[in-house]
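Novice: Give me a 3D structure for the following:
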Amino acid sequence: MATPQRIDAIAQGATLLHVPLVAGDAARLSRLIDELLHWNRAHNLTSLTDPDAIVTHHILDSLSAHADLAGARIADVGTGGGFPGLPLALANPSRQFTLIDSNAKKLSFVAHAAHELGLTNVRTEHDRVEKLRPLQPYDTVITRAFAPLSVQLKLLSPVVALATRVVAMKGRWPEKGGSEEIPRGWRLLEMRRVTVPRLDAERHILILQRDRLQPS
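Specialist: Got it, this is the predicted structure:
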């Protein structure tokens, strides 16, 4: 069950990340951890079983991309158990989030968690992203541990317009065995190293956009 120490760790971490949580939000994110662990007994949602590790590796790691969101329509591709989409949706109630995954069981948890947390700005999409054809392009598409960068940019093409911002959350950069070269048809707007509170691991965020001069 949620403890005051865990709630404080979430609140303090969010403050360090400059994420403006309102009263009760840290407790709601702590409840998300409880729901995740409960469902994890029957479904393979996460390899983590320590609540403190989930605070750092899932909750705060997800919130580290808060400042990189743009626009009102956000897609989280390959959301898995709802990260980074659920924490970001809680912190951004005025934005609409679509959490996309090909695993129906994981999306069942995402829908359940969104309902339990009162997140009316979350919907799920059960499909492979390369098969989607949204009626409107998303303003921001965010990915976390989804695929190697060159692969994911190719898969994202159907849901990305010229103005769409792609936020790629990465660990090590350049990727192991890869290079910093951005695939043709894309341009790198920004790359920065991220410090997630209490997480002793390398994190980077890349901001990319389609290149109208060199379509892929």
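Novice: Mind listing what's buried along stretch 29-38?
Specialist: Buried positions in stretch 29-38, judged by neighbour count with 16 or more other C-beta atoms under 10 Å: 29, 30, 31, 32, 33, 35, 36, 37. (Each C-beta comes from the backbone N, C-alpha and C, glycine too.)
Novice: Could you export these as CSV, including distance to residue 182, pLDDT and secondary structure?
Specialist: Formatted as CSV, the buried residues of stretch 29-38 follow (distance: C-beta to C-beta, whole Å; pLDDT from 0 to 100; DSSP: H, G, I helix; E, B strand; the rest coil):
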residue, distance to residue 182, pLDDT, secondary structure
29, 33, 98, helix
30, 38, 97, helix
31, 39, 97, helix
32, 34, 98, helix
33, 35, 97, helix
35, 38, 97, helix
36, 34, 97, helix
37, 38, 96, helix
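Novice: Let me have the residues you listed in TSV, adding distance to residue 120 as columns.
Specialist: Below are those laid out as TSV (distance: C-beta to C-beta, whole Å):
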residue	distance to residue 120
29	17
30	20
31	16
32	16
33	21
35	17
36	20
37	24
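Novice: which one of these sits closest to residue 192?
Specialist: Nearest to residue 192 among the buried residues of stretch 29-38 is residue 29, at 23.7 Å by C-beta to C-beta.
Novice: looking at the chain, which helix or strand is least sure?
Specialist: Each helix and strand of the chain was given a mean pLDDT (mean pLDDT, DSSP states H and E); the minimum falls on helix 149-156 at a mean of 90.
Novice: Need the CA coordinates for that helix. CSV is fine.
Specialist: Below are the C-alpha coordinates for helix 149-156, written out as CSV (Å, rounded to 0.1, in the frame of the first residue of the first chain):
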residue,chain,number,x,y,z
LEU,A,149,15.7,5.0,-33.4
SER,A,150,15.9,4.2,-37.1
VAL,A,151,13.3,1.5,-36.8
GLN,A,152,10.9,3.5,-34.7
LEU,A,153,10.9,6.5,-37.0
LYS,A,154,10.0,4.3,-39.9
LEU,A,155,7.2,2.7,-38.0
LEU,A,156,5.9,6.0,-36.8
